[in-house]
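A.B. asks: Structure of the sequence below:
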Amino acid sequence: MNTDRIVRTFTDYFREHGHELVTGGTLLPPPCDPVLFTTSGIHPLTPHLEGRPHPLGRRLLSVQRCLRTTDLDEVGDRTHLTVFEMLGSWSLGDYGHSQSLRWGYALLRDGFGIPPERMYVTVFGGDDQVGSDDESSGTWRELGLPVELAGDENWWSHGPVGLCGPDSEIFVWTGAPGTPPQGSPTTWVEVWNHVSMRYRRLEDGSLRLLQQPNVDTGMGLERLATILQGHDSVYDSDLFEPWMRLLPPLWNLDEWSTRLVCDHLRSGIAVIGDGVRPSNTGRGYVLRRLIRRVLTTLWRDDPSRTLSDLPADLVRHTLDHFRQTGGTDLVRETLLDEERRFGTLLERGRRVLDKPQFKGLLSDEDYRYLHDTHGLPRDLVTTLRTP
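C.D. replies: The predicted structure is shown next:
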């Protein structure tokens, strides 16, 4: 099942159950949202989860592209990505959590063909404020799935204050056929999270029941595609096929570095496609950091490597996948301009760090001086000083 069919299966299923597709999907959140980038499908819908009527009704679904920097150091393993897509469904005060779990189970089993014996679930087991989520546990046991009670990891929060509630996570066994799942936790992959959004956390830490209880679900497209296509890594899925085919012959890198370069370039293209340009602050700094991590990786073994060698087909493939209309020329010009700027900064940085006062152990004051006076961020200084 290729990625396009996975998306159609998901959207068709929820449309059959009365959900309307929310279009858009930009990485840039609404102006009222304090985050730099959309990190889940919930961001554009927050006002409606708060009670404002949505023009499309009370049952919604979306395919939302997201960007997360919290897992940046994990990029290169088999599951983490910087930019990814989230398949989401919502009940805005309509059906309850149990119904959402039943639909989710049926879609995984019948729509995507995942055998029930390859699934297990976790459910919030309660804490000193809220009791265990017995409704979800009962629903799953009725459906015949094994249930594990968990703590904070099954409590979803939009932030320190605001919308929150217990969630239930569905895991899928990805081990070899015929091997028992017991005792092999690394082959259980979290696929789908269903949140019973029924509380608001106040400034004093207390909880208040919402007048409009909601259901919010999110399932990572790339992770689901990896499972359904029988791969061990998201980089082996059809989404990354052209990247993993064209980049390794171009730049001879180890596996981790190849994945990082593919992820960061793909993410950078998507960010540029949504109108962001490199800068020293905000969204532009996130883009700048992605591009410079790529260049640092490429130049570590061969300073002659250049982004001008990046195949235009990969830029177009990424823009098309994320439904972005910008041209490849603009993306390439942005990448190459940042490459030139970074190369100039590296040359200046090496000259500065060659001075005697920067040869020993650097203090916080040294790092501040290098940043404020010479424009050298701490992570770049560390990179330049690493043998």
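
A.B. asks: Spit out the contact partners of the spatially closest residue to Gln229 that is not a sequence neighbour.
C.D. replies: Using C-beta to C-beta, 6 or more residues apart in numbering and skipping the chain neighbours, the partner closest in space to Gln229 is Ser237 (5.5 Å). Any C-beta I mention is one placed from the backbone N, CA and C, and that applies to glycine too. Contacts for Ser237 (C-beta atoms under 8 Å, 6 or more residues apart in numbering) come out as 3, 222, 225-226, 229, 231.

A.B. asks: For the residues you listed, please prepare CSV with the additional fields neighbour count and secondary structure.
C.D. replies: What follows is the contacts of Ser237, written out as CSV (neighbours: other C-beta atoms under 10 Å; DSSP: H, G, I helix; E, B strand; the rest coil):
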residue, neighbour count, secondary structure
Thr3, 18, helix
Glu222, 19, helix
Ala225, 23, helix
Thr226, 25, helix
Gln229, 15, coil
His231, 16, coil
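
A.B. asks: Which single one of these is nearest to Thr26?
C.D. replies: When the contacts of Ser237 are ranked by distance to Thr26 (C-beta to C-beta), Glu222 comes first, at 18.4 Å.

A.B. asks: My read is that that closest one contacts Phe84, right?
C.D. replies: Yes: at 5.2 Å, Glu222 counts as touching Phe84 under the criterion of C-beta atoms under 8 Å.

A.B. asks: Next SSE downstream of the longest helix belonging to the chain?
C.D. replies: Of all the segments of type helix in the chain, defined by DSSP state H, the longest one is helix 328-353. Sequence order places helix 364-374 as the next helix or strand after helix 328-353, per DSSP states H and E.

A.B. asks: gap between the next helix or strand along the chain from that next one and the chain center?
C.D. replies: Toward the C-terminus, helix 364-374 is succeeded by helix 378-385 as the next helix or strand (DSSP H and E). Helix 378-385 has its C-alpha centroid displaced from the chain centroid by 27 Å (C-alpha atoms, centre = their mean, to the nearest Å).

A.B. asks: mind listing what Gly282 touches?
C.D. replies: Leu36.

A.B. asks: Oops, could you answer that again for Ile227 instead?
C.D. replies: Taking C-beta under 8 Å, 6+ apart as the criterion, Ile227 is in contact with 114, 172, 174, 189, 191.

A.B. asks: And what about it, helix, strand or coil?
C.D. replies: When classified by DSSP: H, G, I helix; E, B strand; the rest coil, Ile227 comes out as helix.

A.B. asks: now it: how far from Gly126?
C.D. replies: Separation of Ile227 from Gly126 (C-beta to C-beta, to the nearest Å) stands at 30 Å.

A.B. asks: And for Trp90, nearest residue in space, chain neighbours not counted?
C.D. replies: Leu60 (4.5 Å).

A.B. asks: Run a quick neighbour tally on the one you found.
C.D. replies: Residues within reach of Leu60, counting by other C-beta atoms under 10 Å, total 23.

A.B. asks: Just the pLDDT for it.
C.D. replies: The confidence metric pLDDT takes the value 97 at Leu60.

A.B. asks: Give me the nearest residue to Leu246, chain neighbours excluded.
C.D. replies: In this structure, Leu246 finds its nearest non-sequential neighbour in Pro311, 5.3 Å apart by C-beta to C-beta, 6+ apart.

A.B. asks: what's the answer for Leu295, then?
C.D. replies: Counting by C-beta to C-beta, 6+ apart, Phe342 is the residue found nearest to Leu295 once chain neighbours are left out, at 5.5 Å.

A.B. asks: For burial, what's the neighbour tally of the one you found?
C.D. replies: Residues near Phe342, counting by other C-beta under 10 Å: 20.

A.B. asks: ok, Leu210 - contacts?
C.D. replies: Residues in contact with Leu210 (C-beta under 8 Å, 6+ apart) are 163, 197-200.

A.B. asks: Thank you kindly, that will do.
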